[in-house]
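Engineer: Below are the sequence and a predicted model for it; my questions follow.
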Amino acid sequence: MPDHIDHDDGKIIILEDQTMILINQTMIPLRQRYTIMHELGHYLLGHLGEEPLSRSEKECRSSEEQAADKFAIDMLAPACVLWGLHLRTAKEIAEVCRISMQAATFRAERMQLLYQRQKFLSHPLEKRVYDQFSEFIRLNQK
């Protein structure tokens, strides 16, 4: 298995009936975490396919990339937990969630919209996530 991937941050592959996530080990650990979660998102969202891709499949892949990014950020920085901790800035989010500033900036922008809507804990699954993090939230509130 290679020590790094030359042209990608990471990828998920199937090799001899085993699914593996390969990552560029020269990236900082925060980026590696995000990349692993992004690739896991591809797997869990059913995005694994055969290469090469046609033009229409490449356009579809773009939406799959967005979905995998959303999966990664939702797992690493759940909105309901950020809300429970009253986190708003990219710096706060990056520090607490141990994600890169780039990912934290993306999440902070999305959180601005979510704070405006004030619909936190309206879905049963979100409530379950919040409950599972309740001790963490209690110990880390400002």
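Structural biologist: Yep, that arrived.
Engineer: From now on I want contacts and neighbour counts done on CA atoms only, so please keep to that.
Structural biologist: Fine.
Engineer: Show the subsequent helix or strand relative to the worst-scoring helix or strand of the chain on mean pLDDT.
Structural biologist: Ranked by mean pLDDT, DSSP states H and E, the helix or strand of the chain with the weakest confidence is helix 55-76, at a mean of 79. The helix or strand immediately downstream of helix 55-76 is helix 79-84, counting by DSSP states H and E.
Engineer: For the helix or strand just after that following helix, name the packing helices and strands.
Structural biologist: On the C-terminal side of helix 79-84, the closest following helix or strand by DSSP H and E is helix 90-97. Applying 3 or more Cα pairs under 8 Å, 6 or more residues apart in numbering; DSSP states H and E, one finds that helix 90-97 contacts helix 101-117.
Engineer: okay, the angle between the helix it packs on and helix 90-97?
Structural biologist: 100 degrees (axes from the mean of the first three to the mean of the last three Cα atoms, to 10 degrees).
Engineer: What's the mean pLDDT across helix 101-117?
Structural biologist: Summarised as a single mean, pLDDT over helix 101-117 is 94.
Engineer: That helix: which residues count as buried?
Structural biologist: Across helix 101-117, burial judged by 16 or more other Cα atoms under 10 Å covers 101, 103, 104, 105, 107, 108, 111.
Engineer: from memory the third one sits against residue 90, does it?
Structural biologist: Translated: residue 104. Yes - Residue 104 is within contact range of residue 90, at 4.7 Å (criterion: Cα atoms under 8 Å).
Engineer: can you pull the contacts of residue 115?
Structural biologist: residue 83 (Cα atoms under 8 Å, 6 or more residues apart in numbering).
Engineer: Against residue 122, how distant is the residue nearest the centre of the chain?
Structural biologist: For the chain, the residue nearest the mean C-alpha position is residue 72 (1.2 Å; Cα atoms, centre = their mean). For residue 72, the distance to residue 122 equals 21 Å [Cα to Cα, to the nearest Å].
Engineer: Could you do residue 42 as well?
Structural biologist: Distance from residue 42 to residue 122, by Cα to Cα: 26 Å.
Engineer: So between those two, which is more surrounded?
Structural biologist: residue 42 (21 against 9; other Cα atoms under 10 Å).
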